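*Asks:* coords please:
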Amino acid sequence: MTFNLYFIRHGLAVERSEHTPDGDRPLTPEGRHKTERVVKRLRELGLGLDALVSSPLVRAQQTAEILTAVYRLPIETWPELAPDTPFETWLARLLVWQSENPTVAAVGMVGHEPELSNWAEILLWGGCRDAIALKKAGVLGLTIPRTVSPVGEAFLFLLVPPKILL
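*Replies:* Now for the predicted structure:
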């Protein structure tokens, strides 16, 4: 048995500053608009989601809110999707989540770079190769086996930058 995992990078956010902690940076108006267009286009193209998970950072939560407006799904927040989370920590959470949600066929996970690309590479090839880069509001789709360890066992079926969808 397999399921589809969609890594979705948050949209364009305001720049870092001394006055705004990284976790509090919101999407820019342009980032919100572009992300809305990307999500609507994905839905038009038939991308289906059964569940939606997001990093707790503001820009990721706002991106997830755009997804939930289109897909009508509740947002589950995972601290394991925050920046600097080790792969093993995220994977442990994913495996528990899979066992608790055996009927979910497709999950969207909103997060950050470089974690999403690195994790995809580990799932695909068993290690990081710096071959994948996920643009802001970009989507990466993997088919993952429901096994004890999907490391090196995933299949990449989608990697699309937002400009292709706009």
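
*Asks:* by contact count, what packs against the helix-or-strand element of the chain with minimal mean pLDDT?
*Replies:* Within the chain, no helix or strand scores below helix 162-165, which has a mean of 92 by mean pLDDT, DSSP states H and E. In terms of contacts (3 or more Cβ pairs under 8 Å, 6 or more residues apart in numbering; DSSP states H and E), helix 162-165 is packed against helix 29-44. The way it works is simple: take the backbone N, C-alpha and C, and place the C-beta from them, glycine included.

*Asks:* next one: the helix it packs on to chain centre, how far?
*Replies:* 15 Å (Cα atoms, centre = their mean, to the nearest Å).

*Asks:* again, but for stretch 56-73
*Replies:* Distance, centroid of stretch 56-73 to centroid of chain: 11 Å (Cα atoms, centre = their mean).

*Asks:* what does stretch 90-100 give?
*Replies:* How far stretch 90-100 lies from its chain's middle: 15 Å, per Cα atoms, centre = their mean.

*Asks:* kindly export it (C-alpha atoms) in PDB.
*Replies:* In PDB, the C-alpha atoms belonging to stretch 90-100 read as follows (Å, rounded to 0.1, in the frame of the first residue of the first chain):
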ATOM      1  CA  TRP A  90       9.700  14.400  11.200                       C
ATOM      2  CA  LEU A  91       9.800  10.800   9.900                       C
ATOM      3  CA  ALA A  92       8.900   9.400  13.300                       C
ATOM      4  CA  ARG A  93       5.800  11.700  13.400                       C
ATOM      5  CA  LEU A  94       4.900  10.800   9.900                       C
ATOM      6  CA  LEU A  95       5.000   7.100  10.600                       C
ATOM      7  CA  VAL A  96       2.800   7.500  13.700                       C
ATOM      8  CA  TRP A  97       0.400   9.700  11.700                       C
ATOM      9  CA  GLN A  98       0.200   7.100   8.900                       C
ATOM     10  CA  SER A  99      -0.700   4.400  11.400                       C
ATOM     11  CA  GLU A 100      -3.400   6.600  12.900                       C
END
